[in-house]
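[1] My questions are about this predicted structure, shown below with the sequence.
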Amino acid sequence: MRRFAIIGHRAMSQGKLPLNDMAGGAGRMDVLVRALMAGLLTSHGIRHDTEVVLHLMGGPGPSRRIKFVGSLLKGVHAEERAVAGQIAKVMKEPTPARGHWVERSSGIFDSGGDINHTLAEWKETTLVCLEAAATRLWQQNEPIPTDGKALSAYEGEHGNFTVSGIDIGFILSDDKPLPEDLKHEKMLRRSLGDEWLQGHMAIGVCHFLLDQGIQLNLNQS
């Protein structure tokens with residue numbers, strides 16, 4: 001399973017989402033929408049071995065998490081406003097208790113809590129926090145194979161997918177740095193290069209590495 005936790009420091013968590021001002025009035029919700037689309041969507045479909053958790057930390061009210069599970073999703077299309085509309089529907093509902101997930105529609109779940117709650121739920125997952133100033137995510141001198149086997153894959157039909165391969169979770173922020181006190185005993189800090197990429201681009205690189213079966217540098221150091 002491929003998992004992506006996206007932190008929106010200013011992203012509003014409840015109320016009427018201003019679809020015409022997602023970069024301003026919604027607290028850079030545009031960044032989260034692009035990251036969500038990069039995580040879940042291919043050119044003509046959905047990645048059924050992927051889930052994305054958006055962390056809406058900007059209020060009003062308590063922080064909120066919205067989880068999109070690719071194997072269960074229906075009706076999500078590659079258009080930013082339509083995706084934002086799915087988020088807007090959830091935000092109209094009362095925020096559930098922390099750690100309690102409520103399914104709002106097919107494959108879209110709603111819960112209170114923050115990134116630490118998500119990391120606790122991913123206790124069996126290899127955790128990777130993406131930072132530019134860290135060790136590279138891939139092994140040194142690792143070639144890009146032309147016929148590599150993907151590190152995770154799925155088979156089956158909607159509602160009955162079987163996911164195999166690596167179970168890895170990536171942690172990314174919006175336009176603000178990740179919290180300095182973000183810690184987890186298993187969490188690795190890895191880089192995709194010296195440049196700070198936009199979140200949706202970083203997610204695309206992660207998918208590319210996993211799709212091509214490139215050997216990752218996941219040893220504790």
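    Alright, I've got the coordinates.

[2] How many residues are close by the nearest residue to Val52 once chain neighbours are set aside?
    Spatial nearest neighbour of Val52, excluding adjacent residues (CB to CB, 6 or more residues apart in numbering): Gly39 at 4.2 Å. For glycine as for every other residue, the C-beta is placed from the backbone atoms N, C-alpha and C. Gly39 has 28 neighbours, counted by other CB atoms under 10 Å.

[3] try Ile171
    Neighbours of Ile171 using other CB under 10 Å come to 26.

[4] so who does it touch?
    Ala5, Ile7, Ile115, Leu119, Leu127, Val128, Cys129, Leu130, Leu178, Leu182, Met187 (CB atoms under 8 Å, 6 or more residues apart in numbering).

[5] likewise Asp110?
    Arg64, Arg65, Ile66, Lys67, Val90, Glu93, Thr95, Pro96, Trp101, Val102, Glu103, Arg104.

[6] And Asp49, by the same measure?
    Met1, Arg2, Gly70, Ser71, Ser152, Ala153, Tyr154, Phe161, Val163, Gly165.

[7] Next up, identify which helix or strand Gly61 is on.
    Using DSSP states H and E, Gly61 sits within no helix or strand.

[8] swap in Gly85?
    helix 80-91.

[9] Over to Asn116?
    Per DSSP H and E: helix 115-121 holds Asn116.

[10] if we can go back for a sec, now, among the contacts of Ile171, which is nearest to Leu32?
    Ile7 (8.8 Å; CB to CB).

[11] Show me which residues of whichever strand in the chain runs longest are buried.
    Determined from DSSP state E, the single longest strand within the chain is strand 126-136. For strand 126-136, burial by neighbour count (16 or more other CB atoms under 10 Å) applies to Thr126, Leu127, Val128, Cys129, Leu130, Glu131.

[12] and what of stretch 199-211?
    Along stretch 199-211, these residues count as buried under the neighbour rule (16+ other CB under 10 Å): Gly199, His200, Ala202, Ile203, Gly204, Val205, Cys206, His207, Leu209, Leu210, Asp211.

[13] repeat for stretch 45-61
    46-58.

[14] can I get those residues in TSV with pLDDT?
    As requested, the buried residues of stretch 45-61 are arranged in TSV below (pLDDT from 0 to 100):
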residue	pLDDT
Ile46	91
Arg47	93
His48	93
Asp49	95
Thr50	96
Glu51	97
Val52	98
Val53	98
Leu54	98
His55	97
Leu56	96
Met57	93
Gly58	92
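
[15] And the helix holding Asn116, what does it pack against?
    When contacts are defined as 3 or more CB pairs under 8 Å, 6 or more residues apart in numbering; DSSP states H and E, helix 115-121 packs onto strand 2-8, strand 50-56.

[16] name the helices or strands packed onto the first one?
    Identification of packing neighbours for strand 2-8 by 3+ CB pairs under 8 Å, 6+ apart yields helix 29-40, strand 50-56, helix 115-121, strand 168-173, helix 199-212.
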